[in-house]
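# compute the structure for the input listed below.
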Amino acid sequence: MWHSLAGPNVHFVLETAAYLVGARIYWRLARHGPQAPVEDRLLLLGGAVLGALLGSKLLHLMEHLPALLERNDLALWLGGKSVLGGFIGGTLGVELVKRAVGWSRSTGDPWVPALAAGLLIGRLGCQLSGTWDLTYGSPTRLPWAWDYGDGIGRHPTALYEIVLVGLALLATRQRALVASPGARFAAFLLLYCAIRFVLEFCKPPFGTSAPDALPVARYLYLSAIQWAALCGGAWYFALLRRRLHPASPT
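Next up is the predicted model:
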């Protein structure tokens with residue numbers, strides 16, 4: 001059985017590195033893409049950040065809403081975030097700003113390597129952090145079970161995600177996706193929604209939580225993250241089709 005070797009401090013360092021590395025990759029790649037006017041670029045960035053913050057927090061709250069309402073602890077309401085919620089919210093924020101300013105060209109493709117790098121680094125921090133991070137999997141007897149510090153062998157869900165995100169990054173390097181502006185971004189987020197939907201079956205409520213964990217709510221047998229993955233996946237699929245087959249000008 002494998003064991004967590006680090007804690008909150010290492011998680012903080014790796015999470016910070018994920019943001020910095022991701023931002024660096026994005027700005028380097030974005031310089032070679034279509035450039036909106038400076039004021040529009042600032043609005044697009046603001047839409048992405050605000051949408052990501054709201055989406056990340058809202059999905060986290062929905063994931064644990066019954067427990068949060070029962071405990072009525074402000075610290076629990078303020079803490080926590082969801083990566084998937086941030087991605088969906090950030091995309092929605094950018095799309096709304098683009099429509100408002102009349103910017104029709106895709107701006108998403110430079111985000112793909114940036115998001116992938118951020119996920120790979122950030123999830124490594126999650127994997128090494130123990131149970132306090134609340135991203136562990138359900139108990140398992142598989143040979144690669146991971147002890148997060150509670151003496152129970154669990155699915156190393158963050159490692160699963162690292163591997164699957166790496167494969168998704170490679171899959172979106174196909175020529176047809178790279179040649180169609182915005183298609184690679186839509187394909188990557190579509191694959192990420194599928195990854196998160198499947199991985200949630202390896203996590204509570206489909207298994208046993210650590211004693212200090214907030215219970216995860218089920219809505220018609222699925223978690224809030226799974227419903228978000230289904231809805232987000234449908235949206236990114238439609239966006240992918242539109243990017244691959246743009247409407248002919250009239």
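# what's the neighbour count on the nearest residue to Gly125 once chain neighbours are set aside?
The shortest distance from Gly125 to any non-neighbouring residue, by C-beta to C-beta, 6 or more residues apart in numbering, is to Leu14 (3.2 Å). Just so you know, the C-beta spots here come from the backbone N, C-alpha and C atoms, and that holds for glycine as well. For Leu14, the count of nearby residues is 19 (other C-beta atoms under 10 Å).
# which ones are touching Leu14?
121-122, 124-125, 128 (C-beta atoms under 8 Å, 6 or more residues apart in numbering).
# what about Ile88, which SS state?
Per DSSP: H, G, I helix; E, B strand; the rest coil, the local secondary structure of Ile88 is helix.
# secondary structure element for His32?
For His32, there is no enclosing helix or strand under DSSP states H and E.
# count the residues that sit near it.
8.
# can you check Phe185 too?
Phe185 has 24 nearby residues by other C-beta under 10 Å.
# any low-confidence regions in the chain?
Applying pLDDT under 70 to the chain picks out residues 1-8, 33-38, 205-213, 247-250.
# break down it into its strands, ranges please.
Using DSSP state E, the strands of the chain run over 2-3, 146-147, 153-154.
# the last one: how far from the chain's middle?
How far strand 153-154 lies from its chain's middle: 23 Å, per C-alpha atoms, centre = their mean, to the nearest Å.
# what does it rub up against?
So strand 153-154 is in contact with 1, 136-142, 145-148, 207, going by C-beta under 8 Å, 6+ apart.
# just the buried residues of those.
136-138, 140, 145-148, 207 (16 or more other C-beta atoms under 10 Å).
# any chance of these in JSON lines, plus distance to Ala116?
What follows is the buried ones among the contacts of strand 153-154, written out as JSON lines (distance: C-beta to C-beta, whole Å):
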{"residue": "Tyr136", "distance to Ala116": "22"}
{"residue": "Gly137", "distance to Ala116": "21"}
{"residue": "Ser138", "distance to Ala116": "26"}
{"residue": "Thr140", "distance to Ala116": "26"}
{"residue": "Ala145", "distance to Ala116": "26"}
{"residue": "Trp146", "distance to Ala116": "22"}
{"residue": "Asp147", "distance to Ala116": "28"}
{"residue": "Tyr148", "distance to Ala116": "24"}
{"residue": "Gly207", "distance to Ala116": "27"}
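# what's the farthest-apart pair in those residues?
Asp147 and Gly207 (14.8 Å; C-beta to C-beta).
# nearest to Val198, of the contacts of Leu14?
For the contacts of Leu14, the nearest to Val198 is Gly122 (19.2 Å; C-beta to C-beta).
# leaving out the residues flanking it, which one is nearest to the closest one?
Spatial nearest neighbour of Gly122, chain neighbours left out: Ala18 (3.8 Å); criterion: C-beta to C-beta, 6+ apart.
# residues in contact with the one you found?
Ala18 touches 117-122, 125, counting by C-beta under 8 Å, 6+ apart.
# helices - which of those residues land there?
Those of the contacts of Ala18 mapping onto helices are 117-122, 125, per DSSP state H.
# report how many residues lie close to Cys202.
Neighbours of Cys202 (other C-beta under 10 Å): 17.
# for it, give its distance to Leu76.
Here the criterion is C-beta to C-beta, to the nearest Å. By it, Cys202 lies 24 Å from Leu76.
# also Lys203?
19 Å.
# the more surrounded of these two?
Lys203 (20 against 14).
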